[in-house]
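J.: Sequence first, then the predicted structure, then my questions.
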Amino acid sequence: PTTIKLEDYQPPAYRIETANLNVLLDPTATLVIAELKVVRQPDTKPGAPLILDGDNLKLLSIAVDGAPLQSNAYDVTPSALELTPPTGDTFTLTITTELNPDANTQLMGLYRSSGTYCTQCEADGFRRITYFPDRPDVLSVYTVRLEAPRDACPVLLSNGNLIKTGLVPDTDRHFAIWHDPHPKPAYLFALVAGDLAKITDNFTTASGNPVELNIFVEHGKEALCDWAMDSLKRSMRWDEEAFGREYDLDVFNIVAVSDFNMGAMENKGLNIFNDKYVLADPETATDQDYANIEAVIAHEYFHNWTGNRITCRDWFQLCLKEGLTVFRDQEFSADMRSRPVKRIADVKLLKMHQFPEDAGPLAHPVRPRSYQEINNFYTATIYEKGAEVVRMLQTLLGEDGFRSGLDLYFDRHDGEATTIEAFLKCFEDATGSDLDQFALWYEQAGTPLVSVNTAHNPKDNSFKLTLSQEIPPLPGQQSAKAAVIPLRFGLLGPDGQDLEITTGDSTKVTGDVILLKRPAQTITFQNVPDAPKVSLLRGFSAPVRLTQDQSADDLAFLAKHDSDPYNRWQAVQTLATQTLLARTEAVRRKVAFASAADLVAVLQTVLEDDRLDPALKAQALTLPSETDTAQDIGNNVDPDAIHTARTRLIAEIADELQPLLLPLARDYAKDSAFSPDAASAGKRALSNRALHYHAHSSNPGAVALVNDRFENANNMTDRIMALTLLVHHGFEGAMDALQAFRSRHATSALAMDKWFAARATAPRDETLQVVQDLIADPLYEPSNPNRVRAVLHSFATGNPTQFSRADGKGFNLIAESVLQIDKRNPQVASRLLTSFRSWRALEGRRSSLAESALLRVSSSEELSRDCRDIVDRTLQ
Ligand code: B3K
Ligand code: ZN
């Protein structure tokens, strides 16, 4: 396999100024006639070879300036078309290709989902539509004519504005012509054709331009689009207010399809979505779904500026658009909802997905230096760590400095395909700061470990804080340089109030931020009469791990008094982690557990604190997951021991705090009308968390209460929570509930995905067989990525004891499934394969069984490039 390297980047030899596509749609024989105006670049010698990318294309004809080329005048390989062009500065290339959308099971390029034609071109799907320089630094103005039968495809969409529609004389066909005035890379091209319903709304930009907004869905699903439309309008307004960014076309279209490899795609003016991130009503969507829809609609919309108007020079710069756009969607959700609750949710996600990635064989820098398959780099590191890096920039430069740098970026690079260097330069120029060392965040993989030591001297009332940093060695990165780490902090006095900070050294401390720039650094604070409690990394101001000696008393103190809500939550989590680690060790050694009284007391304080938002309470009451705990243990991990320790701890807390938890679980206002707003969602989250504890308790009434919640739920959040508890605990009533849920939701694929996932994640021995049965279920659809993920991905990533079974059968099931899926859809297969990424951290027996399963995948001769890349790196 070829490795593509950042250092090998060469600007394109030819650009395509305009691309006129005429697409004659047919399920098995679509014709694409591409008329490309090619412009030779100043540095390119006249007549230098022109190489166009292609993948799985049937070439019918090719002409230069209208003259057909004979087949000896060009070379076609499986991945390219090469020809010697005319020596002039510009010429026109006309290429006709034939495609078979129905045979496209990879869901890259042009394919059909439930009969609707749609496209996915990022990162390199356009080359599956026509021969083209399929790279993000070739920007072209597109005019697209679509033609299809009127009956089958009344709706014809492409990027930009609609120019013309009409009938094709003497046929049953019609056409539409779309023109996108904004030059764009091929990965942002899209078309959709089919028989779809739409809901319409409108928006007036800050400058007074009217914009038509449409969401297209399958007929009958119109009523499920209101939340998405509302989210879109709020996103558009917010981007104007928060970043001064206006929309720039007459129409903004969103199309929801059911077969989609990822969440959604930001094609210019024509976003295509996995319908999971569009469709919602209380009957089928959870509170989490509502929040996700709001965030993904916003994310794709925000790409219009960060990604589309300013795009990436090459795919190594992927975080330029993704990290920045995730940062923007996080800020949007924080403004729409509770900022601390959103921050905690984002950090949990980062620790759950990105930290393990960054600690294992698939670790890579936020800006990778090489890749074999770019589609494997749409990772938590590029997205979520990428967003954290942008957030640190904001912390370092302050809100005003950050905003002025971003304004300069929009100003300076609008219409360009650019780089991380150019991005950082804008912040340097706007604020006069030097970001050389900061740039290391883009270059080095691995999560820095920050260690903390303190010393209080009552004689001179001084307090010393010594901080050091290191990045543990990784494959291909033996040593790392010190990064610049902004640590937001506070020192708490005996009354729990933040002390006034006095230190002589302003190069290390600015306001409430410590800048850790060297491998180790000591800061001395003056006027500190009593040893303070240190609250470090407030708001999770840097994507690092912290090791700090903190007693249960210190943590209880912080959990109660810290003025930073994130760190209040973190203190509870740290205490819970300490308890979980000690108890996991006790399970393994078969010795008695230490008391959990400290943790119980802290949770009690949380529950009794009337000032706390219910959503925050729910988060504080959620113990670190089994995956988090495995990550904290680091090596020789026994998932069964973690599971046993965690389950027993939950049961103990449930019994101890029953007087507080039971009323929350029981007296929840189930009759009040449903509303998806954040405050109502927070109340549901807290009640469901209490119900979750109660289900683990020794109270004999628990089974009845969970059944009752299932039967009386008036929304999906409550219903699926209750169903999951019934199934995971094997409670009486579970089978009936599964049946009832299935009858009720048989026609909603999104609701049924939850049913499949609830079953696949049950931490029970029989789940292995259940998963095999689920794959054989008539409702299982191997061609539908959401359904495959609901079963297999849920099992592999959400069921640690069963995936990592001591008999290896969980690994084998996933390995076999990967091989099966790979034949149809490499992107879905390789994503599933990444669930092995922490295999080396498992205890000996399990890790060697995981290795055998990986070797079995590796030995397949027909592996896609996607899976080959993942399996090679995972085994390295
Ligand atoms: N840019 C797309 C992701 C494309 C993934 C290609 N394998 C969605 C997004 O990040 O908004
Ligand atoms: Zn994105």
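T.: In hand now; what should we look at? Numbers count the residues shown, from 1 in each chain. Ligands and ions are numbered 1, 2, ... in the order given.
J.: next structured bit after the helix-or-strand element of the chain with minimal mean pLDDT?
T.: The helix or strand of the chain with the poorest confidence is strand 509-510; it has a mean of 92 (mean pLDDT, DSSP states H and E). Going down the chain from strand 509-510, the next helix or strand is strand 513-516, by DSSP states H and E.
J.: Which neighbouring elements make contact with that next one?
T.: When contacts are defined as 3 or more CB pairs under 8 Å, 6 or more residues apart in numbering; DSSP states H and E, strand 513-516 packs onto helix 386-413, strand 462-470, strand 485-492. The C-beta positions use only the backbone N, C-alpha and C, and glycine is treated the same way.
J.: Am I right that residue 584 is in contact with residue 639?
T.: No - contact criterion CB atoms under 8 Å: residue 584 and residue 639 do not qualify, at 9.9 Å.
J.: Of all the residues in stretch 92-108, which ones are buried?
T.: By neighbour count on 16 or more other CB atoms under 10 Å, the buried set for stretch 92-108 is 93, 94, 95, 96, 97, 99, 101, 104, 105, 106, 107, 108.
J.: tell me the domain boundaries of this structure?
T.: 311-443, 449-533, 748-876 (automatic domain parsing).
J.: which stretch in those has the least confidence?
T.: Ranked by mean pLDDT, these end with domain 449-533 at the bottom, a mean of 95.
J.: Report the distance from that one to the chain centre.
T.: 32 Å (CA atoms, centre = their mean, to the nearest Å).
J.: Could you check how far the closest residue to residue 267 other than its chain neighbours is from residue 129?
T.: Nearest residue to residue 267, sequence neighbours excluded (CB to CB, 6 or more residues apart in numbering): residue 190, at 3.5 Å. Distance from residue 190 to residue 129, counting by CB to CB, to the nearest Å: 10 Å.
J.: list the residues that contact both of those two?
T.: With contacts defined as CB atoms under 8 Å, 6 or more residues apart in numbering, the residues shared by residue 190 and residue 129 are 119, 121.
J.: and those two? which has more neighbours close in?
T.: residue 190 (29 against 26; other CB atoms under 10 Å).
J.: isn't that one right up against residue 272?
T.: Yes - using CB under 8 Å, residue 190 makes contact with residue 272 at a distance of 5.9 Å.
J.: can you list the residues of the stretch 301-450 of the chain near ligand 2?
T.: Within the stretch 301-450 of the chain, the positions near ligand 2 by CB under 5 Å from the ion are 322, 325.
J.: Strands of the stretch 301-450 of the chain, start to end?
T.: Secondary structure of the stretch 301-450 of the chain (DSSP state E, counting those that start in this stretch): strands at 311-312, 370-371, 417-418, 449-457.
J.: I'd like these as CSV, with distance to ligand 1 and mean neighbour count appended.
T.: Shown next, in CSV, are the strands of the stretch 301-450 of the chain (distance: least, CB to the nearest ligand atom, whole Å; neighbours: other CB atoms under 10 Å):
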stretch, distance to ligand 1, mean neighbour count
strand 311-312, 10, 24
strand 370-371, 12, 16
strand 417-418, 15, 22
strand 449-457, 29, 15
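J.: could you dump those strands to JSON lines with distance to residue 786?
T.: JSON lines is the format used below for these (distance: least, CB to CB, whole Å):
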{"stretch": "strand 311-312", "distance to residue 786": "28"}
{"stretch": "strand 370-371", "distance to residue 786": "26"}
{"stretch": "strand 417-418", "distance to residue 786": "32"}
{"stretch": "strand 449-457", "distance to residue 786": "37"}
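J.: For residue 783, find the nearest of those.
T.: Smallest distance to residue 783 across the strands of the stretch 301-450 of the chain (CB to CB): 27.4 Å, for strand 370-371.
J.: helix or strand right after that closest one?
T.: Assigned by DSSP H and E, the successor of strand 370-371 is helix 380.
J.: tell me which element the nearest residue to residue 232 once chain neighbours are set aside is part of?
T.: Using CB to CB, 6+ apart and skipping the chain neighbours, the partner closest in space to residue 232 is residue 297 (5.3 Å). Taking DSSP H and E as the criterion, residue 297 maps to helix 287-302.
J.: Then residue 630?
T.: Judged by DSSP H and E, residue 630 forms part of helix 626-633.
J.: Show me what that helix is packed up against.
T.: Identification of packing neighbours for helix 626-633 by 3+ CB pairs under 8 Å, 6+ apart yields helix 355-359, helix 565-589, helix 639-656, helix 800-803.
J.: if we go to 6 Å?
T.: Under the contact criterion of 3 or more CB pairs under 6 Å, 6 or more residues apart in numbering; DSSP states H and E, helix 626-633 touches helix 639-656.
J.: chain center to the helix it packs on, what's the gap?
T.: On the basis of CA atoms, centre = their mean, helix 639-656 sits 30 Å off its chain's mean C-alpha point.
J.: likewise stretch 299-312?
T.: On CA atoms, centre = their mean, the centre of stretch 299-312 falls 16 Å from that of its chain.
J.: Check which residues of it are buried.
T.: 299-312.
J.: now for those residues, which pair is the farthest apart?
T.: The distance between the two most remote of the buried residues of stretch 299-312 (CB to CB) is 18.3 Å, for 301 and 312.
J.: Show me the buried residues of stretch 92-108 that map onto strands.
T.: Among the buried residues of stretch 92-108, the members found in strands (DSSP state E) are 93, 94, 95, 96, 97, 99.
J.: Relative to ligand 2, which of those residues is nearest.
T.: Nearest to ligand 2 among these: residue 99, at 26.2 Å, using CB to the ion.
J.: hang on, that closest one packs against residue 30?
T.: Yes - under the contact definition of CB atoms under 6 Å, residue 99 touches residue 30, with a separation of 4.5 Å.
J.: before we move on, back to that, which residues are in contact with the helix holding residue 630?
T.: Applying CB atoms under 6 Å, 6 or more residues apart in numbering, the external contacts of helix 626-633 come out as 355, 356, 577, 580, 637, 642, 643, 646, 800.
J.: pretty sure residue 602 is touching residue 558, no?
T.: No - using CB under 6 Å, residue 602 is not in contact with residue 558; the gap is 9.7 Å.
J.: Looking at the two, which has the bigger crowd around it?
T.: residue 558 (25 against 22).
J.: Tell me who's in contact with the spatially closest residue to that one that is not a sequence neighbour.
T.: Setting aside the residues directly before and after it, residue 558 is nearest to residue 571 in space (CB to CB, 6+ apart), at 3.8 Å. Contact analysis of residue 571 by CB under 6 Å, 6+ apart lists 555, 558, 559.
J.: Check which helices and strands the helix or strand hosting the second one sits against.
T.: Element membership for residue 558, per DSSP H and E: helix 552-561. Helices and strands touching helix 552-561, as assessed by 3+ CB pairs under 6 Å, 6+ apart, comprise strand 533-536, helix 565-589, helix 597-608.
J.: Buried ones in that helix, by neighbour count?
T.: 552, 554, 555, 556, 557, 558, 559, 561.
J.: out of those residues, which one sits closest to residue 47?
T.: Nearest member of these to residue 47, counting by CB to CB, is residue 558, at 70.5 Å.
J.: Can you tell me the SS state at the nearest residue to residue 221 once chain neighbours are set aside?
T.: Nearest non-adjacent residue to residue 221, counting by CB to CB, 6+ apart: residue 279, 6.0 Å away. At residue 279 the chain is in coil, as set by DSSP: H, G, I helix; E, B strand; the rest coil.
J.: secondary structure class for the residue of the stretch 501-650 of the chain found nearest ligand 2?
T.: Across the stretch 501-650 of the chain, the shortest distance to ligand 2 (CB to the ion) belongs to residue 543, at 18.5 Å. Counting by three-state DSSP, the backbone at residue 543 sits in coil.
J.: where does it land on pLDDT?
T.: 98.
J.: Would you check how far apart the closest residue to it other than its chain neighbours and residue 513 are?
T.: Of all residues not flanking residue 543 in the chain, residue 388 sits nearest, at 4.2 Å (CB to CB, 6+ apart). As judged by CB to CB, residue 388 and residue 513 stand 15 Å apart.
J.: So those two - more neighbours on which side?
T.: Between residue 388 and residue 513, counting by other CB under 10 Å, residue 388 is the more crowded of the two (26 against 19).
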